[in-house]
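# could you work out the structure for the sequence below:
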Amino acid sequence: MALSLSDNRGREVHVAFSTEQLDYNMTYDRFGAVKGGGNGHANGVVDKIRQYAGEEAAKQFQEMRGGSVMYEREEVSLSYEAMSFEVSGDVSLLQDFFSSENTAQRIFDFATGLGAGIDPSGEAFGGFMDQIREGIAQGFEMAEAMLGDLPQVSEDTRELLQLMLDAFEADPQGGRVKAADYLGQLAPADGDVG
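Predicted coordinates for the structure are as follows:
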């Protein structure tokens with residue numbers, strides 16, 4: 001996956017992310033026989049040969065009188081996973097793009113834009129807003145399930161979205177809701193003095 005961003009000030013940043021995964025499992029059986037010498041464990045080995053190689057192979061080993069029988073089962077399992085993440089260019093553009101303010105604005109604009117044809121004074125508007133809130137909540141739940149505890153920027157994004165949706169629902173005709181207008185209402189993070 002690759003992402004390239006640029007802005008009107010000439011800043012550019014390029015991000016490349018890739019994952020590789022390999023899961024390999026193999027099981028194989030080895031049988032052997034040596035003429036001469038005795039082995040008290042031959043009957044148990046013949047049973048294993050019968051189980052994994054069939055009756056004919058077991059008979060052949062049983063017919064070897066006075067010999068040693070060897071059976072070995074080998075299981076090999078290999079799992080490999082690699083991720084690479086490469087960033088080049090002006091990292092500050094990336095930080096700006098994924099800030100809580102800009103991310104909340106993108107999500108809000110997309111979600112509310114889906115209801116462009118819905119009459120804000122009708123019943124359908126309330127159901128539409130419920131669906132937006134539910135979809136956003138599910139998105140954050142999925143992110144938490146994949147990543148564990150989310151960083152503060154994600155929590156701020158979630159809180160900004162709620163404030164923006166509240167304002168939009170209270171006054172859907174009031175013009176464009178801007179995340180920047182609600183930054184001052186974010187709850188201070190643990191450890192912040194405020």
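
# show me the shaky parts of the chain.
For the chain, the stretches flagged by pLDDT under 70 are 30-46, 61-71, 189-194.

# make it 90
1-3, 5, 7, 14-87, 91-98, 115-117, 120-123, 146-148, 172-176, 186-194 (pLDDT under 90).

# at the geometric centre of it, which residue do we find?
residue 146 (5.0 Å; Cα atoms, centre = their mean).

# wait, what's in contact with that residue?
Residues near residue 146 by Cβ atoms under 8 Å, 6 or more residues apart in numbering: none. The C-beta positions use only the backbone N, C-alpha and C, and glycine is treated the same way.

# in the lengthiest helix in the chain, what's buried?
In the chain, taking DSSP state H as the definition, the longest helix is helix 123-147. Neighbour-count burial for helix 123-147, counted by 16 or more other Cβ atoms under 10 Å, picks out 128-129, 132-133, 136.

# so after that helix, what's the next helix or strand?
helix 152-170 (DSSP states H and E).

# one step back: now, which of the buried residues of helix 123-147 sits nearest residue 172?
Among these, residue 129 lies closest to residue 172 (Cβ to Cβ), at 8.8 Å.

# quick one: the nearest residue to the closest one once chain neighbours are set aside and residue 121, what's the gap?
Excluding its sequence neighbours, the residue lying closest to residue 129 (Cβ to Cβ, 6 or more residues apart in numbering) is residue 169, at 5.1 Å. Separation of residue 169 from residue 121 (Cβ to Cβ, to the nearest Å): 12 Å.

# tell me which of these two has more neighbours.
Taking neighbours as other Cβ atoms under 10 Å, residue 169 and residue 121 compare with residue 169 leading, 18 against 9.

# you'd agree the more buried one is up against residue 127?
No. The criterion here is Cβ atoms under 8 Å, and residue 169 misses it with residue 127 at 11.8 Å.

# closest to residue 117 among the buried residues of helix 123-147?
residue 128 (10.1 Å).

# so what's the closest one up against?
Neighbours of residue 128 in contact, by Cβ under 8 Å, 6+ apart: 114-115, 118.

# list buried residues within those.
Among the contacts of residue 128, those classed as buried by 16+ other Cβ under 10 Å are 115, 118.

# tell me how far residue 7 lies from residue 97.
Distance from residue 7 to residue 97, by Cβ to Cβ: 9 Å.

# looking at the two, which is more packed in?
residue 97 (15 against 12).

# next, count neighbours for residue 87.
The tally of other residues near residue 87 (other Cβ under 10 Å) stands at 13.

# give me the element residue 3 is part of.
Per DSSP H and E: residue 3 is located in strand 2-6.

# list the buried residues of that strand.
residue 5.

# got a list of contacts for that strand?
Contacts of strand 2-6 (Cβ under 8 Å, 6+ apart): 12-17, 93-94, 97.

# and those, which are buried?
13, 15, 93-94.

# just those residues now: which is nearest residue 154?
For the buried ones among the contacts of strand 2-6, the nearest to residue 154 is residue 94 (15.5 Å; Cβ to Cβ).
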